[in-house]
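Participant: structure for the following, please:
(2 chains)
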Amino acid sequence: MQNIKAIFKKEFRSYFNSPIAYIFITFFLAFSSWLFFRTFFISGQAEMRGFFGLMPWIFLFFIPAVTMKLWAEEKKIGTAEILMTLPIKDYEVVVGKFLASFGLLAVTALFSLTLPIAVIVLGDPDGGTIICGYIGLLLMGGAYLAIGLFASTITENQIIAFILGISACFVLLIIGEDIVLFSTPNWLFPIFSYLGLGVHYSSILRGVIDSRDIIYYLSIIGFFLYLSASAIESRKWR
Amino acid sequence: MIEVRELTKSYGPTLAVDRVSFDAKAGEVVGFIGPNGAGKTTTMRILTCYLTADAGNATVAGYDVLENPIDVRKNVGYLPESAPLYADMGVVEYLKFMAEVRDIPKSQRKERINKVIDICGLEGVIQKDIGELSKGYRQRVGLAQSLIHDPPILILDEPTSGLDPTQTIEIRNLIIEMGKEKLVLFSTHILPEVAATCSRILMINQGKIVANGTLEDLIEQVRSEEKIHLTIRGTEEEITPQLRELDGVTGVSHVKTDNGVVSYEITTSQEGYDASSKLFHAAQQNRWDLVELHHETIDLENIFLHFTTGISSDTPSNSIIIEEKDASEEE
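Facilitator: Purely as a prediction, here's the structure:
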């Protein structure tokens, strides 16, 4: 626990020591607010569905940008060698780094609360769905982060980590989309519709928090963190 | 404190470390020396549990590197080659992070950090980010990091590479100072460095330990190779048999004849200067016209070449290449 905390602190601080965190938060908010308000006044409804509906696609590009450096950079400049010869277990490093990136996402989500506040001022939205929306956003964001972190562990090139992260998230996202599901064979249908990254998110957005949806995202996070730790450990045997 | 037995590691088809065995104990400064790509870094990475060996075993501070990697790491301070550090962190911030992951109790952290800042001479740069530091200071921060938990074992991979002469001397002095109580294992390919700092030399070539001992030990081992260069005015047919008959002479090789002057390389069973004076007396008795008599002193370079290529330094360089080819064919 102590080690995870130390890694978390270091990584979280490094986001804010460099321009990454500020650029990320600013552009994420500018981008998502613009897309949200573009249609908000036309539809004339005081609800956040438009905002949350954008997230799977905005995350696709923003989240791998946050995770791409997490391990690739350590490998590239060689700091991994000091880090992995400290009395820390591999999984502690992975979890610490994941939590730091999750922390950045949480801070960003916190800043984005200005949007629901604006909506509340302008109208009378359903508070329950907004809260559910944020829970879903964090869970889905966590899954994207874990996938992005894994992409970062298998290369020492940040650009490759970024592209791989986007690709992996993209594939996992579209297999749950209706267009893809219509053309999948029947036997694959339940698997694809279960694995789709956005499927469980949209069910949370409806305002119902089902334990199956939470378990789905936690398993995706756990699975990719496990893969990341294995990828880091594989250095020993190659 | 470090016991290594038959350690072997290969990267695909290349054998990086080949059945390496050695021991080292506290109070020793062990210089790990060898050409680039000889297996120094790989061995160090195995000892710090960064990599796993294919075969053989190693215990560090009494813990097996495979079974108790965490305990091994607790007892080792490690500085990888070229001191990789986080450029965006401040010097003190970095040391704080290291103290934290090294499990130094909160109450002692400040004291330990001040101590390593003092030892490594970092007072002038504590306000700075690591990215702003010169190579020498980075190396010192790397060293400070490896000392933060006061480990009984220090493993340093080329700690002086890329430093200017003053910085090199400072780091060497630090190594000597640390070696009084700790075990310091450091690698280098700079020969005078080992002579200046090490109590013991481990020479590695193509993944194998080719020599292990103090500088004096190694000189002793090479002594049979010691050569005397002798040049006499005369003819080869006349002089060679007489040289061979001399007491203690074990080898006479004719190098060249040039304008009636013959040159020899002579090996003897006696200590260098005794042998030289014996040859001088022989020349006097036989009334040879002695042109040159010199005794080749053994320095680290000779030892290095002796153990890494099997021949001494004054042989023409093309024959070194041939020798290496032969050696690889045998393998």
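
Participant: alpha carbons only for contacts and neighbour counts from here, please
Facilitator: Will do.

Participant: what about stretch B:65-83, near chain A?
Facilitator: Yes. Residues of stretch B:65-83 contacting chain A under C-alpha under 8 Å from any C-alpha of the partner chain: B:69, B:70, B:71, B:73, B:74, B:78, B:79, B:80.

Participant: pull out the buried positions in that stretch.
Facilitator: Using 16 or more other C-alpha atoms under 10 Å in any protein chain shown as the test for burial, stretch B:65-83 gives B:65-66, B:69-83.

Participant: which members of those residues occur in helices, if any?
Facilitator: B:69, B:70, B:71, B:72, B:73, B:74 (DSSP state H).

Participant: in a markdown table, list the residues you listed along with pLDDT.
Facilitator: Below are these laid out as a markdown table (pLDDT from 0 to 100):
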| residue | pLDDT |
| --- | --- |
| B:69 | 91 |
| B:70 | 92 |
| B:71 | 93 |
| B:72 | 93 |
| B:73 | 93 |
| B:74 | 93 |
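
Participant: what is the nearest residue to residue B:28 once chain neighbours are set aside paired to in the beta sheet?
Facilitator: Among residues not flanking residue B:28 along the chain, residue B:183 sits closest, at 5.1 Å (C-alpha to C-alpha, 6 or more residues apart in numbering or on different chains). For residue B:183, the beta-bridge assignment (DSSP bridges) gives partners residue B:153.

Participant: and for residue B:183, the neighbour number?
Facilitator: By other C-alpha atoms under 10 Å in any protein chain shown, the residues close to residue B:183 number 25.

Participant: could you do residue B:134 as well?
Facilitator: Residue B:134: 11 neighbours (other C-alpha under 10 Å).

Participant: for it, grab phi and psi.
Facilitator: phi -80, psi 170 (degrees, to the nearest 10).

Participant: who's in contact with residue B:159?
Facilitator: When contacts are counted by C-alpha atoms under 8 Å, 6 or more residues apart in numbering or on different chains, residue B:159 is found next to B:79, B:81, B:82, B:83, B:139, B:171, B:186, B:187, B:188.

Participant: and for residue B:83?
Facilitator: Neighbouring residues of residue B:83 by C-alpha under 8 Å, 6+ apart: B:138, B:139, B:142, B:159.

Participant: now, the residues you listed that are in helices?
Facilitator: Among the contacts of residue B:83, the members falling in helices (DSSP H) are B:138, B:139, B:142.

Participant: so which of those comes closest to residue B:118?
Facilitator: Nearest to residue B:118, judged by C-alpha to C-alpha, of the ones in helices among the contacts of residue B:83 is residue B:142 at 13.8 Å.

Participant: so that closest one makes contact with residue B:81?
Facilitator: No. With contact defined as C-alpha atoms under 8 Å, residue B:142 does not count as touching residue B:81 (9.8 Å).

Participant: for the host helix or strand of residue A:225, packing partners?
Facilitator: Assigned by DSSP states H and E, residue A:225 falls within helix A:211-233. Packed against helix A:211-233 by the contact rule (3 or more C-alpha pairs under 8 Å, 6 or more residues apart in numbering or on different chains; DSSP states H and E) you find helix A:90-111, helix A:127-153, helix A:199-205.

Participant: what's the last one in contact with?
Facilitator: It refers to helix A:199-205. Contacts for helix A:199-205 (C-alpha under 8 Å, 6+ apart): A:49, A:52-53, A:129, A:132-133, A:136-137, A:140, A:176-177, A:193-194, A:209-210, A:213, A:216.

Participant: among those, name the buried ones.
Facilitator: A:49, A:52-53, A:129, A:132-133, A:136-137, A:140, A:176-177, A:193-194, A:209, A:213, A:216.

Participant: just want the phi and psi numbers for residue B:16.
Facilitator: The phi and psi torsions at residue B:16 (degrees, to the nearest 10) take the values phi -90, psi -40.

Participant: report the separation between it and residue B:52.
Facilitator: The gap separating residue B:16 from residue B:52 is 12 Å, by C-alpha to C-alpha, to the nearest Å.

Participant: ok, now residue B:210?
Facilitator: 22 Å.

Participant: and the two? Which one has more around it.
Facilitator: Set residue B:210 next to residue B:52 and count neighbours by other C-alpha under 10 Å: residue B:52 wins out with 23 against 16.

Participant: helix or strand for that one, which one?
Facilitator: Per DSSP H and E, there is no helix or strand for residue B:52.

Participant: please name the residues that touch it.
Facilitator: Counting by C-alpha under 8 Å, 6+ apart, residue B:52 touches A:236, A:237, B:9, B:46, B:66.

Participant: centroid residue for chain A?
Facilitator: With distances taken as C-alpha atoms, centre = their mean, residue A:141 lies nearest the centre of chain A, 2.7 Å away.

Participant: any idea how far stretch A:137-146 is from the chain center?
Facilitator: Offset of stretch A:137-146 from its chain centre (C-alpha atoms, centre = their mean, to the nearest Å): 3 Å.

Participant: what does it rub up against?
Facilitator: Contact partners of stretch A:137-146, identified using C-alpha under 8 Å, 6+ apart, comprise A:52, A:55-56, A:59-60, A:63-64, A:66-67, A:98, A:101-102, A:105-106, A:169, A:197-198, A:201, A:214, A:217-218, A:220-222, A:224-225.
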